[in-house]
Structures are given as structure tokens and as C-alpha cells.
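In: Have a look at this prediction, sequence included:
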Amino acid sequence: MTGATLDRPARRTLGVGAAIVLVLVAAAVSVVVGIVRTSGAPDVAGERVAVTAATPEPASVYVHVFGAVAHPGLYRLEEGARVVDVIAAAGGLNPDADESAVNLARHVTDGEQLRVPIAGEAPTGGGAAPGGASDGRVNLNTADAAALDTLPRVGPAIAERIIQWREDNGPFTSVDDLLSVPGIGDKMLASLRDLVTV
């Protein structure tokens, strides 16, 4: 009698434990089935199709490089490319190129025309001086620190801030964007407005 009495609670405990395990397994199966069912999106006929994330194409810029490079021409590069990347795409510098006249670390902008001069060559009408526009204004998107430093009231510190703003925020879309550069206010912008371009 005593052995039979002890056996019943053990069986009852085992039965309750098995029931709990079965409930947990059923819940897990339900969750997995729900995930599998929602992994595809229904198409027009009601069948499920796989959903894949499209990888966006990187933005690109077009740069026309000419002058003392191996293969002058129009090149397409990824956004964020620098002058050194354009020159590499054009086959590198010619032996007679004036490398010091080109800022290799500068970011290029879409639609830019980059002229690499020959050593000792003066800028000609065939292309603007580095950082300059054909009308003599300084291009805020292509000018290096030396070109920006030629502007009135712009010293080396402000020139570096302009370049840093351009690198952090992308190309200037308007001359008025200069107001976003630390140290440039309305009066300074007024003095620069006719001397710069984008």
C-alpha cells in the first residue's frame, strides 16, 4: 500500500511536467510557423514571394580631367572621391606635370573640370586656375586653402573652416551657405558675394 501511494504523486507530477512541455513545444511551433508565413509578401495571385532588400547604388560624380595626365577625359567616380582618385583613373600624372599646383586630397564635385598644368606653365584661358572660375571668381566647391586665402578678410583659419564645412556637408549650393561656416557673418558675406561662386 505504501509503495502504491508514493507512486501516484510521482505519476501525477510526471504527467503535469509532460503537459507543460507539450504546451511550450506547441507555442514554439506556432511562433515559427507565424514567422515563416510572414517572411514573404503576397503577390497578386495570393502566393508568397521572397522579399529582398535592394542594395542602393552609390552616388556618383562626373569629372572632366585634362592637361598633364596620361589619359584626359570624362570620368565617373563614386561620390566622395578626391582629386587623387580622378588622376589615378586618368592613368596618373605625366612626368612634366606640376603636382604642387594640384591639391590631391581635395574632394571633387559633380560636373567639375580639373586641369593639371605642366611644370612652369602659367594658367591659360583653356581652363581656370585651381579653385577659380573662368570669370576670375573663387569657386567655393573647388578652391584650396591658398585660393580661399586670396579673398579679403579670409585668412588661413577661415579658409580651413570653409574647406572643413564643405567636407562635412558636401558642396556649397549657394554663396549664402557661407553663413553656416563659423566665423562668417552677414558683413563678411556681403564683402565676398561678388568674389566667389559655386
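Out: Done, it's in. Numbers count the residues shown, from 1 in each chain.
In: number of nearby residues for Arg193?
Out: Under the neighbour criterion other Cβ atoms under 10 Å, Arg193 is assigned a count of 13. Quick note: C-beta positions are derived from backbone N, CA and C, even for glycine.
In: I'd like the numbering to begin with 33 instead of 1 from here.
Out: New numbering, starting at 33: the last item is Arg225.
In: who touches it in this structure?
Out: For Arg225, the contacting residues are Val207, taking Cβ atoms under 8 Å, 6 or more residues apart in numbering as the criterion.
In: pLDDT wise, what is it at?
Out: In the predicted model, Arg225 carries a pLDDT score of 84.
In: what about Leu109, which helix or strand?
Out: Following DSSP states H and E, one finds Leu109 within strand 105-110.
In: Return the distance of that strand from the chain's centre.
Out: In terms of Cα atoms, centre = their mean, to the nearest Å, the gap separating the centre of strand 105-110 from the centre of its chain is 16 Å.
In: pull the CA atoms of stretch 176-186 into CSV?
Out: In CSV, the C-alpha atoms belonging to stretch 176-186 read as follows (Å, rounded to 0.1, in the frame of the first residue of the first chain):
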residue,chain,number,x,y,z
ASP,A,176,42.0,75.0,-51.9
ALA,A,177,43.1,76.9,-48.9
ALA,A,178,45.6,79.0,-50.9
ALA,A,179,42.9,80.2,-53.3
LEU,A,180,40.4,81.0,-50.5
ASP,A,181,43.2,82.9,-48.6
THR,A,182,43.3,85.4,-51.5
LEU,A,183,39.8,86.6,-50.6
PRO,A,184,39.5,89.8,-48.5
ARG,A,185,39.1,89.1,-44.7
VAL,A,186,39.6,85.4,-45.3
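In: hey, where'd the strands end up in the chain?
Out: Here the chain has its strands, by DSSP state E, at 72-74, 80-82, 92-99, 105-110, 144-148, 170-171, 228-229.
In: would you turn those strands into TSV with mean neighbour count and mean pLDDT?
Out: Below are those laid out as TSV (neighbours: other Cβ atoms under 10 Å; pLDDT from 0 to 100):
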stretch	mean neighbour count	mean pLDDT
strand 72-74	10	49
strand 80-82	10	53
strand 92-99	18	86
strand 105-110	14	90
strand 144-148	20	83
strand 170-171	22	88
strand 228-229	20	86
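In: Now tabulate these in a markdown table and tack on distance to Asp209.
Out: Converted to a markdown table, the strands of the chain look like this (distance: least, Cβ to Cβ, whole Å):
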| stretch | distance to Asp209 |
| --- | --- |
| strand 72-74 | 42 |
| strand 80-82 | 44 |
| strand 92-99 | 19 |
| strand 105-110 | 23 |
| strand 144-148 | 17 |
| strand 170-171 | 13 |
| strand 228-229 | 10 |
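In: quick one, phi/psi of Gly152?
Out: Summarising the backbone geometry of Gly152 under the convention degrees, to the nearest 10, its torsions are phi 80, psi 0.
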